[in-house]
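Q: Predicted model and sequence follow; I will ask about them next.
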Amino acid sequence: MTVRRVKGTEPEARNAQLLVLLTDRRQELLSQIRRSLAERQEEFQSRDAPGSHGWGAAPEGSLTLVVVQQQEQLLTQIDAAIGRHKAGTYGRCVSCHEEIALARLRALPFAQRCAGCQEEWEEQRERPTS
């Protein structure tokens, strides 16, 4: 993924760069979902002959649906991140309120926590409650 540079003050440039990152990732996911569904529709039409059970019954059809569901879940997370950007809270950790590293946001644009707080949060979730 190519990161476009945006001019302005450092915080403004960071915010603009993050919005570009989110919108680019959103468009990429939408394209992948549309492409997957179009390919499966073509398979469905080619298999829709007497005696066949259609693409949904085929193992690869089920796998495609799982992949599309995962992509839709990512899309929902990206949309939530765009909402946080509009609210002015995107890029800040929900736990410690510090800026999330740009490298982390490039890798996980929907990240809500910095790496340290995410690790702590996951450890707490794994601990058995007594």
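A: That came through, no problem.
Q: Going by contacts, tell me the helices and strands next to the helix ranked longest in the chain.
A: In the chain, assigned by DSSP state H, the helix with the most residues is helix 10-47. Judged by 3 or more CB pairs under 8 Å, 6 or more residues apart in numbering; DSSP states H and E, helix 10-47 is in contact with helix 59-87, helix 102-107. Quick note: C-beta positions are derived from backbone N, CA and C, even for glycine.
Q: Check these for me: which has the lowest mean pLDDT.
A: Mean pLDDT is lowest for helix 59-87 among those, at a mean of 86.
Q: Buried residues, that helix. List them.
A: 61, 64, 68, 71, 74-75, 77-78, 81-82, 84-85 (16 or more other CB atoms under 10 Å).
Q: Output these in TSV; the columns should cover distance to residue 104.
A: Listed next are the buried residues of helix 59-87 as TSV, based on distance: CB to CB, whole Å:
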residue	distance to residue 104
61	35
64	30
68	26
71	21
74	16
75	20
77	14
78	15
81	13
82	17
84	15
85	15
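Q: of all these, which comes closest to residue 103?
A: Distance to residue 103 across these (CB to CB) is lowest for residue 81, with 16.1 Å.
Q: how distant is the longest helix of the chain from the center of its chain?
A: 9 Å (CA atoms, centre = their mean, to the nearest Å).
Q: shift numbering so it begins at 52
A: Done: numbering now begins at 52, and the last item shifts to helix 61-98.
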